[in-house]
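Q: Sequence below, structure please.
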Amino acid sequence: MSKTRTTTRTAGVAIRAVLVMTALLGIAYPLAMTGIGQLAFPWQANGSVVTHDGEPIGSALLGQTFADADGNALPQYFQPRPSASDYEGASSGGSNLGPSHPDLVAAIDEGRQRIAAREGVSPDEVPADAVTASSSGLDPHISPQYALLQVSRVAAERGMSEDDVRAIVTARIETPDLGFIGAERVNVLDLNVALDTAQEEIR
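A: Have a look, this model is predicted:
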């Protein structure tokens, strides 16, 4: 009888502990964090959605393609870095190919040749992030070097001066977090929205 009572008491304590921890960590804590996020950082908490002309067109946190229905890069827009997941958030991830894997080496070489031809430069001038995907496949940023490499093409396609387009790029170069974490970068969606806005204002 004593053993049965002890077992029952232990089971009751365990069940109560599960219920309490579920209420605290499964309900109260998430609600508190959601509330703090909505109050202190509403834009970030709601997905950092970018709008243009009142319409949502993407997230500042997620990379996306700027291509036509056939997958061809739209020449009037700055292009992002490649994505091993085709920019699909549900299948985020890298290719898992090692740096010496022949498929990766071939893809990088092909990408370097293609981008060099598109931008009218030597393959040696194509920066690494132009031909390599991020580990998530969803990086919304490119390096300032890659952005500046695309200035001539974008300016020609839009009928804008290279100086004006370059000024839009340089104004959107983000510095490393806290001044030393990461590298300088440019958000591609933000950059392309700024271009569309500038061109609309000119018209």
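Q: residues of stretch 194-203 that come out buried?
A: 194-195 (16 or more other CB atoms under 10 Å). Quick note: C-beta positions are derived from backbone N, CA and C, even for glycine.
Q: Next secondary structure after the longest helix anywhere in the chain?
A: When the chain is parsed with DSSP state H, its longest helix is helix 2-21. Per DSSP states H and E, the first helix or strand lying C-terminal to helix 2-21 is helix 29-40.
Q: and that next one, how far out from the chain's middle?
A: 24 Å (CA atoms, centre = their mean, to the nearest Å).
Q: Quick one: distance of the helix or strand immediately after it in the chain to the chain centre.
A: Counting by DSSP H and E, the next helix or strand C-terminal to helix 29-40 is helix 42-45. Distance of helix 42-45 from its chain centroid, counting by CA atoms, centre = their mean, is 16 Å.
Q: Ok, stretch 80-91 next?
A: For stretch 80-91, the distance to the chain centre is 9 Å (CA atoms, centre = their mean).
Q: in that stretch, what counts as buried?
A: Neighbour count says stretch 80-91 has 80-85, 87 buried, by 16+ other CB under 10 Å.
Q: Can you tell me what sits against that stretch?
A: Identification of contacts with stretch 80-91 by CB atoms under 8 Å, 6 or more residues apart in numbering yields 62-66, 92-95, 111, 129-134, 136-140, 142, 146, 188.
Q: Quick one, which of the residues you listed are buried?
A: 62-65, 92, 95, 111, 129-134, 137-140, 142, 146, 188.
Q: Tell me which entries of the residues you listed lie within helices.
A: Using DSSP H, the buried ones among the contacts of stretch 80-91 in helices are 111, 146, 188.
Q: Nearest to V13 among these?
A: Nearest to V13, judged by CB to CB, of these is V188 at 55.0 Å.
Q: neighbours around Q113, how many?
A: Each residue near Q113 was counted by other CB atoms under 10 Å, and the total is 13.
Q: For it, which non-adjacent residue is closest in space?
A: P123 (5.9 Å; CB to CB, 6 or more residues apart in numbering).
Q: Find the least confident helix or strand in the chain, judged by mean pLDDT.
A: Taking mean pLDDT, DSSP states H and E as the measure, the chain has helix 42-45 as its least confident helix or strand, at a mean of 81.
Q: Sweet, I'm off.
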